[in-house]
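K.L.:
Sequence and computational prediction follow.
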Amino acid sequence: MQPDIGTRHYRSIWISDVHLGTRGCQADLLLDFLRSNESEYLYLVGDIVDGWRLKRGWYWPQSHNDVVQKILRRARKGAKVFYVPGNHDEAFRDYIGLQFGGVAVVEDIVHTTADGRRFLVIHGDQFDAVVKYAKWLAHLGDSAYTALLAINTWFNHVRRKLGFTYWSVSAYLKQRVKNAVEYIGAYETALADEARRRGVDGIICGHIHSAEMRPMEGVLYCNDGDWVESCTALVEHENGRLEIINWAASRRLLPVKQPVRAAA
Ligand SMILES: [Mn+2]
């Protein structure tokens with residue numbers, strides 16, 4: 001148990017890639033974060049529960065339950081909680097448009113900051129195909145591009161139904177360290193392009209377990225990181241300023257090293 005440092009209040013908090021149901025999930029640190037930080041808006045930006053992993057064997061300790069309870073309590077107490085499913089919890093994509101215990105399930109959503117900037121909030125796995133085919137994708141028209149995004153989602157949906165694991169270009173490339181930097185760069189570019197395509201000021205995503213916030217040719221790319229490796233969140237202060245919180249570092253402790261797990 002960490003010492004109590006009081007509760008900080010933010011306007012918004014974004015977390016993703018928690019991977020509840022896996023041994024890699026840093027549920028205790030996340031609970032500590034949720035105990036210490038409150039917000040008016042709470043965005044769950046995908047891969048919160050790892051359905052792919054749970055299918056291969058049930059792993060659900062009390063701390064993982066506590067995370068779910070903590071989030072549901074937030075919603076009951078009036079926080080606006082949105083669940084944007086990712087690829088590991090894509091079963092929730094069947095429930096888009098519905099609410100569970102005050103948690104709204106949405107495909108993606110535009111968040112307006114206190115200073116009036118508009119951000120598209122999306123998990124980001126849809127863009128694995130964009131990254132893989134980036135070279136010839138540049139020559140495609142907008143409708144073909146949109147179709148490709150849909151095909152990638154459908155392709156993995158079928159794979160899930162057939163009992164295969166999620167095919168992810170990020171998981172594939174992350175095994176090859178020299179390509180990882182290149183991959184992250186291509187992913188960030190694809191997401192920034194999507195922000196421009198949708199006419200918003202920036203994009204807030206997850207998926208690649210790499211927290212980042214940087215301007216990219218007129219839009220702000222934000223990635224809230226993960227709760228498997230880095231234990232990071234994105235927060236919005238009351239004045240609209242965005243900031244990445246590295247909870248493990250701010251607690252002056254490092255998460256317990258876990259065995260290598262499936263990426264993104
Ligand atoms: Mn993902």
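P.N.:
Noted; the coordinates are in hand. For clarity, every value in this text was computed on a predicted model and none was experimentally measured.
K.L.:
And stretch 187-197, what's buried?
P.N.:
Tyr187, Glu188, Thr189, Ala190, Leu191, Ala192, Asp193, Glu194, Ala195 (16 or more other Cβ atoms under 10 Å). All C-beta atoms are positioned from the backbone trio N, CA, C, and that covers glycine.
K.L.:
what does it rub up against?
P.N.:
119-120, 122, 124, 127, 130-131, 134, 142, 170, 201-203, 205, 207-208, 212, 214, 216-221, 223 (Cβ atoms under 8 Å, 6 or more residues apart in numbering).
K.L.:
how far out from the middle of the chain is that stretch?
P.N.:
Put simply, stretch 187-197 sits 15 Å off its chain's centre (Cα atoms, centre = their mean, to the nearest Å).
K.L.:
Then stretch 232-249?
P.N.:
With Cα atoms, centre = their mean, you get 14 Å for stretch 232-249.
K.L.:
restrict the contacts of stretch 187-197 to contacts with the ion.
P.N.:
Among those, the ones lying near the ion by Cβ under 5 Å from the ion are His207.
K.L.:
hmm, which of the contacts of stretch 187-197 are the buried ones?
P.N.:
119-120, 122, 124, 127, 130-131, 170, 201-203, 205, 207-208, 212, 216, 219-221, 223.
K.L.:
Show the residue spans covered by the helices in the chain.
P.N.:
Secondary structure of the chain by DSSP state H: the helices cover 27-36, 51-55, 62-76, 128-132, 134-137, 142-161, 169-174, 177-198, 247-250.
K.L.:
Of these, which shows the lowest average pLDDT?
P.N.:
Note on those: helix 169-174 shows the lowest mean pLDDT, a mean of 50.
K.L.:
What residues does the stretch 51-200 of the chain have near the ion?
P.N.:
Close to the ion, as judged by Cβ under 5 Å from the ion, the stretch 51-200 of the chain has residues Gly86, Asn87, Asp125.
K.L.:
and the last one, how far is that from Gly101?
P.N.:
Same thing as Asp125. Distance of Asp125 to Gly101, computed by Cβ to Cβ, to the nearest Å: 25 Å.
K.L.:
which one of those two has more residues nearby?
P.N.:
Asp125 (27 against 11; other Cβ atoms under 10 Å).
K.L.:
Grab the nearest non-local neighbour of that one.
P.N.:
Asn87 (3.9 Å; Cβ to Cβ, 6 or more residues apart in numbering).
K.L.:
Cross-check the contact I'm expecting between that neighbour and His123.
P.N.:
Yes - counting by Cβ atoms under 8 Å, Asn87 touches His123, with 7.1 Å between them.
K.L.:
Can you report phi and psi for Asp108?
P.N.:
Note on Asp108: its backbone torsions stand at phi -160, psi 170 [degrees, to the nearest 10].
K.L.:
got the contact list for Arg11?
P.N.:
Per Cβ under 8 Å, 6+ apart, neighbours of Arg11: Ser39, Glu40, Tyr41, Thr113, Ala114, Glu236, His237, Glu238, Gly240.
K.L.:
Could you single out the nearest of those residues to Ile96?
P.N.:
Using Cβ to Cβ, Tyr41 comes nearest to Ile96 of those, at 18.5 Å.
K.L.:
how close does the closest residue in space to the closest one that isn't next to it in sequence get to Asp94?
P.N.:
Spatial nearest neighbour of Tyr41, chain neighbours left out: Ser12 (4.0 Å); criterion: Cβ to Cβ, 6+ apart. For Ser12, the distance to Asp94 (Cβ to Cβ) stands at 26 Å.
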